[in-house]
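Undergrad: okay, sequence plus prediction incoming.
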Amino acid sequence: MKKLLSYILVLLVLFVIPITTINAKTIGDIQKELDAAQKKLNDTNTKKAMNSQNLSQTQKKISEIKASIKKTEDSIDAKTKESEQLEKDIQKKNAETKELMRYYQISSSGSAMLEYIMGAESITDLIYRLSITEQISSYNKKTVEKMNAMIKENEVIKKDLAAKKEELVKLQEEQNTQALVLSKKQSELDAEGESDEKAVAGMQKELKYYRSIGCKDSESIDACFDRIYGSNYLPSGTAFKRPTTTGRISSEFGNRTLNGAPNKHFAIDIAMPTGTPVYSVAPGIVGYTGEVCGISLVIWHNVNGKTYSSIYCHLSKQLVKKGQVVTENTMIAKSGCTGQCYGAHLHLGMATGKYKSDYYRYYAGNGDSLENHTFNPRNVIVFPAKGQSYYNR
């Protein structure tokens with residue numbers, strides 16, 4: 001009996017005491033997060049600078065290697081042309097030598113020699129002529145031998161140059177691979193740096209706001225809001241509604257391909273004309289105004305005792321201010337196509353916790369982020385299938 005009474009007492013306590021989500025993070029905690037995020041941003045910028053320098057040096061090496069390959073190819077072409085010219089010169093010298101030998105043989109035969117002698121002024125002159133012929137023939141022979149040796153030497157040089165070119169091409173391929181790795185790393189660092197910069201800017205903006213309304217560093221955000229706006233500052237709700245009275249589902253939540261590249265989409269896209277009224281999906285308080293993806297708004301909600309964030313992007317105009325309490329019937333903005341946008345639409349994201357308060361980053365990194373908390377809006381809001389339209393909330 002006592003055990004039964006104990007169970008009943010526990011159940012009564014559970015039903016009487018409301019379950020709420022407490023944001024125990026203090027303004028001082030946000031300052032510490034900001035300092036850590038600023039340090040990480042500085043480190044990322046240092047890495048970006050070093051990687052960029054390495055990439056520039058690698059690209060310079062690639063240019064130098066290309067110039068060396070071109071120079072080597074020109075040298076091979078020059079030696080090839082030189083060898084071809086030597087071949088022609090050898091043929092010419094061989095022809096000259098054959099002609100001289102033929103003349104020498106004719107001059108050395110009996111009748112021809114006699115005729116030549118009869119026509120000569122003296123025998124001395126004939127001997128001189130024959131001696132000159134032999135000397136020219138011998139010279140031509142040595143010249144041909146020398147040119148053949150030069151051709152062989154050129155072949156060796158061409159072989160060495162070809163080997164050098166092969167080494168240079170291999171080195172260029174290695175440098176190209178390194179450049180690709182560095183380029184990829186640079187893109188990753190750029191994306192990380194951009195995310196860090198937005199996180200730092202967001203925290204700076206939040207801190208400025210909290211301090212401007214009188215929050216103390218030792219206070220939690222909820223305690224500060226309770227003190228300034230009264231207890232239960234975050235209005236309660238029981239359900240979520242569509243953000244517009246009309247629209248067509250143009251893109252789903254999750255992994256997708258955008259411009260030929262894989263893309264993580266933390267929202268559902270609803271196509272609609274620019275200027276379409278946008279409403280809060282549930283009662284709440286405006287937690288952020290600024291630029292997440294184009295002109296953006298973040299609203300915090302308390303639905304069935306749990307804390308959520310709704311994110312509205314690519315707006316043409318925002319109609320509410322940070323800290324403003326809204327209902328599901330409050331017109332918070334007008335749709336548009338600001339930021340990276342392909343056609344007018346509303347990007348509606350849903351997440352657990354308070355985005356831009358509990359966490360600041362958009363993509364997952366060395367810390368908490370929207371990516372860790374986001375979920376498909378279809379889980380809490382009824383939407384038609386992709387490509388279909390709706391005409392009420």
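TA: That came in fine, so what should we check first?
Undergrad: mind listing the residues bridging to A333?
TA: Beta-bridge pairing of A333 under DSSP bridges involves V278, Q318.
Undergrad: residues contacting it?
TA: 278, 295, 297, 312, 315-320 (CB atoms under 8 Å, 6 or more residues apart in numbering). From N, CA and C alone the C-beta is placed, and that goes for glycine too.
Undergrad: in a markdown table: those, plus pLDDT.
TA: Listed next are the contacts of A333 as a markdown table, based on pLDDT from 0 to 100:
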| residue | pLDDT |
| --- | --- |
| V278 | 97 |
| I295 | 94 |
| L297 | 96 |
| Y312 | 97 |
| L315 | 96 |
| S316 | 96 |
| K317 | 95 |
| Q318 | 95 |
| L319 | 96 |
| V320 | 95 |
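Undergrad: can you select the buried ones among the residues you listed for me in ChimeraX?
TA: To isolate the buried ones among the contacts of A333 in ChimeraX, judged by 16 or more other CB atoms under 10 Å, type:
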select :278,295,297,312,315,316,318,320
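Undergrad: V181: which of the contacts of A333 is nearest?
TA: Ranked by distance to V181 (CB to CB), the contacts of A333 are led by I295 at 37.1 Å.
Undergrad: now the helix or strand containing I151: average pLDDT?
TA: Element membership of I151, judged by DSSP states H and E, is helix 123-212. For helix 123-212, mean pLDDT rounds to 79.
Undergrad: ok, then the element right after it?
TA: helix 221-229.
Undergrad: now that next one: buried residues?
TA: 221-225.
Undergrad: show me how far the helix holding I151 is from its chain's centre.
TA: Distance of helix 123-212 from the chain centroid (CA atoms, centre = their mean, to the nearest Å) equals 29 Å.
Undergrad: tilt between it and helix 221-229?
TA: Inter-element angle recorded for helix 123-212 and helix 221-229: 50 degrees (by axes from the mean of the first three to the mean of the last three CA atoms, to 10 degrees).
Undergrad: show me what helix 123-212 is packed up against.
TA: Judged by 3 or more CB pairs under 8 Å, 6 or more residues apart in numbering; DSSP states H and E, helix 123-212 is in contact with helix 27-108, helix 110-119, strand 284-291.
Undergrad: rewinding a little: how about the contacts of A333 in CSV, adding distance to M350?
TA: Putting the contacts of A333 into CSV (distance: CB to CB, whole Å) gives the following:
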residue, distance to M350
V278, 15
I295, 19
L297, 13
Y312, 11
L315, 17
S316, 22
K317, 22
Q318, 19
L319, 21
V320, 18
